[in-house]
Structures are given as structure tokens and as C-alpha cells.
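Novice: next one to model:
(2 chains)
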Amino acid sequence: SQELEQSPQSLIVQEGKNLTINCTSSKTLYGLYWYKQKYGEGLIFLMMLQKGGEEKSHEKITAKLDEKKQQSSLHITASQPSHAGIYLCGADSQGGGGNKLTFGTGTQLKVEL
Amino acid sequence: DAGITQSPRHKVTETGTPVTLRCHQTENHRYMYWYRQDPGHGLRLIHYSYGVKDTDKGEVSDGYSVSRSKTEDFLLTLESATSSQTSVYFCAIRSGTNSYEQYFGPGTRLTVT
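Specialist: Numbering: from 1, shown residues only, chains lettered A, B, ... in the order given. As a prediction, this is how the structure comes out:
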């Protein structure tokens, strides 16, 4: 089965600082998903990447997919307290129509004032 | 908001009892999924459905069954609940035939005592 490794596992940054979270797959990526979760709540869809080199942005969050490296990075610019939470990457390792996702264990982000 | 509701939101049950969790969607999505989330494991796929009466197993399907008799409802049944099934259960939908985006429901916290 596919394994997704996220790094770092946790991160504390000062408000206004930039940060990057990485997600590395042990297998070919057919689709890479980023979600945000606050403790005890559901997952909020951020973005999905499918093609190598693809880059998408959502407000101050940018994600890129490096297909050759089987890796995606999530970059937050000028972090704010509202960015705090757990960031999860998910991947479709099989392609086709099933869209069955496996997930990393998450990166916990805290933003200090 | 992808129009997904889950019920119940919280449940405490005893070992050996059957439990059914319900996922309801209002937007006629074809694909629906059940995941469980546990510390250290991330989210793992239990079962998924690609249409009415069409279901398939995921990574951790043992001890679980599903049914989908109509498009809007996807039921997850724990046939005889065990303490290892204490978890948070999330339902998800795939947003469209030509879209691979997955959106999650609010989750059900199940405790098996």
C-alpha cells in the first residue's frame, strides 16, 4: 500500500512568517490532495494537484506537485493565527476512477502572535 | 459545504453490539467513501461506493459492512463492535464525474466500551 510521509510532524511559527510542509509518496502519484483540519473537526478541502509541475493557490496557501520526486509541498506566506491546524496530504495511488485515497499522518501547525 | 451530513455525531456503545452510521448527501454524487481516523495512522479507507448497490473494500474493511440502497445514503455497519473500532469516522464524496475532488463530512466519534 502507498505510504505518505509528511514533514515536519509539527511546526511552530511566528505570525507573519512563511512556512513549508512537505508530503512524499513511496509510489506514483495520480492525484495529491491537501486538507486542513482543526482539532475535533472535519477536513476542509484546500486543493488537489494532478499533473507534474502543477501549482495551485488558495488565498495565501500555494501547493506544488513534483511528480518525478513523488512529492508535494504546501507553502504558506505570511502566516496568520487562522492558519493554525493540522494539514493532511492524501494521495490517489491507483489512478482510474476509484479515487481511493491514502493519507499522511498530518503536520500540526501553530502560529504564535 | 458539499451537503454531507453524518449521524449520529457521537455514539458510545458496548463491545459486541451492532452499530450503524449514516452518511447523507443532498447533491446526487455518485462516489461515496467511509474513512476512519486514528492517532498515528491518519485516515484510512474502509469501504467506498461507486453507485447504488455498488460497493468495494478499502484498506481496513474487516469487521465493517456497507450498504447503499439509494444515491443519497451510504451506511456503515459495525457488525459486532470491538474496542479497536473506537475511532472517528468520516464520510466523503467525490464531487463529480469529471472531478476528483473529495469533500468530507463532519465526522462521527464512536467509542466502544
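Novice: enumerate the residues of chain B near chain A.
Specialist: Contact residues, chain B versus chain A (Cβ under 8 Å from any Cβ of the partner chain): B:31, B:33, B:35, B:40-45, B:48, B:50, B:56, B:58-59, B:90, B:94, B:100-107. In short, each C-beta sits where N, CA and C put it, glycine included.
Novice: in terms of helices and strands, where is the residue nearest the centre of chain B?
Specialist: Nearest to the mean C-alpha position of chain B, counting by Cα atoms, centre = their mean, stands B:Trp34 at 2.9 Å. Applying DSSP states H and E as the criterion places B:Trp34 in strand B:32-38.
Novice: show me what that strand is packed against.
Specialist: strand B:19-25, strand B:42-51, strand B:64-70, strand B:73-78, strand B:87-96 (3 or more Cβ pairs under 8 Å, 6 or more residues apart in numbering or on different chains; DSSP states H and E).
Novice: chain center to the first one: distance?
Specialist: Strand B:19-25 has its C-alpha centroid displaced from the chain centroid by 7 Å (Cα atoms, centre = their mean, to the nearest Å).
Novice: partners of it in the sheet?
Specialist: strand B:4-7 (antiparallel), strand B:73-78 (antiparallel) (DSSP bridges).
Novice: quick one: residues contacting the closest residue to B:Arg9 other than its chain neighbours.
Specialist: Computed as Cβ to Cβ, 6 or more residues apart in numbering or on different chains, the closest residue to B:Arg9 that is not its neighbour in sequence is B:Thr108, at 5.9 Å. Taking Cβ atoms under 8 Å, 6 or more residues apart in numbering or on different chains, we find B:Thr108 in contact with B:6-11, B:21, B:88-90.
Novice: gap between B:Thr108 and A:Gly42?
Specialist: The gap separating B:Thr108 from A:Gly42 is 10 Å, by Cβ to Cβ, to the nearest Å.
Novice: same question for B:Asp38.
Specialist: For B:Asp38, the distance to A:Gly42 - Cβ to Cβ - is 16 Å.
Novice: out of the two, which sits in the busier spot?
Specialist: The neighbour count for B:Asp38 versus A:Gly42, taken as other Cβ atoms under 10 Å in any protein chain shown, is higher for A:Gly42 (19 against 15).
Novice: give the contact list for the nearest residue to that one once chain neighbours are set aside.
Specialist: Nearest residue to A:Gly42 in three dimensions, chain neighbours excluded: B:Pro106, at 4.5 Å (Cβ to Cβ, 6+ apart). Applying Cβ under 8 Å, 6+ apart to B:Pro106 gives the contacts A:41-42, B:4-6, B:9.
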